[in-house]
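# Fold the following and give me the result.
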Amino acid sequence: MIPSNELRLIDANLNRLREGIRVVEDMFRYIYNDKTLASRLKELRHQARLECYEALLDSRDIKNDVLKQSTASEQTRQDIYSVMIANFKRAQESARVLEEFTKIQSVQNSETFKYIRYELYDLEKALTKITSNSK
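A predicted model of the protein is given here:
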């Protein structure tokens, strides 16, 4: 049984991971009209799941989140490219947290998040080359 405070951390990072991937996925779907890259991102987002949804939801405590206020850097983006980079970093960092904390319960889950993290590193490199040329 995973303690509630650890479930809360996992829940927040699962949400952050999927949200970050979704932002980049939608950019490649709607802005760049790139089915292949959007589909790769969608597949990663769908892999970012754990089987304990109800427990994760029960642990959610948004009212007591001590850092729920946005920082100035989170409130500003210069252009589409900066949106993409911010969301890649958000997703990669969350994947790392999930990789570490799921080791406690499941090596298989940990390896899934490690795989997602490395795929995001690879996609970031490829996609920033594509998009920086169109800036």
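
# What's the mean pLDDT across the lengthiest helix in the chain?
As assigned by DSSP state H, the longest helix anywhere in the chain is helix 107-133. Average pLDDT, helix 107-133: 89.

# who does that helix touch, helix- and strand-wise?
Counting contacts by 3 or more C-beta pairs under 8 Å, 6 or more residues apart in numbering; DSSP states H and E, helix 107-133 packs against helix 4-26, helix 35-47, helix 80-102. Every residue, glycine included, has its C-beta placed from N, CA and C.

# As JSON lines, those helices with distance to residue 130 and mean pLDDT would be great.
Formatted as JSON lines, those follow (distance: least, C-beta to C-beta, whole Å; pLDDT from 0 to 100):
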{"stretch": "helix 4-26", "distance to residue 130": "12", "mean pLDDT": "89"}
{"stretch": "helix 35-47", "distance to residue 130": "8", "mean pLDDT": "95"}
{"stretch": "helix 80-102", "distance to residue 130": "10", "mean pLDDT": "94"}
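
# And stretch 6-14, what's buried?
7, 8, 9, 10, 11, 12, 13, 14 (16 or more other C-beta atoms under 10 Å).

# whoops, stretch 83-91 was the one
Within stretch 83-91, the residues that qualify as buried are 84, 85, 86, 87, 88, 90, 91, counting by 16+ other C-beta under 10 Å.

# that older thread, which of the buried residues of stretch 6-14 sits closest to residue 107?
The closest of these to residue 107 turns out to be residue 10 (C-beta to C-beta; 15.4 Å).

# for the closest residue to that closest one other than its chain neighbours, what are its contacts?
Of all residues not flanking residue 10 in the chain, residue 101 sits nearest, at 5.8 Å (C-beta to C-beta, 6 or more residues apart in numbering). Contact analysis of residue 101 by C-beta atoms under 8 Å, 6 or more residues apart in numbering lists 6, 9, 10, 13.
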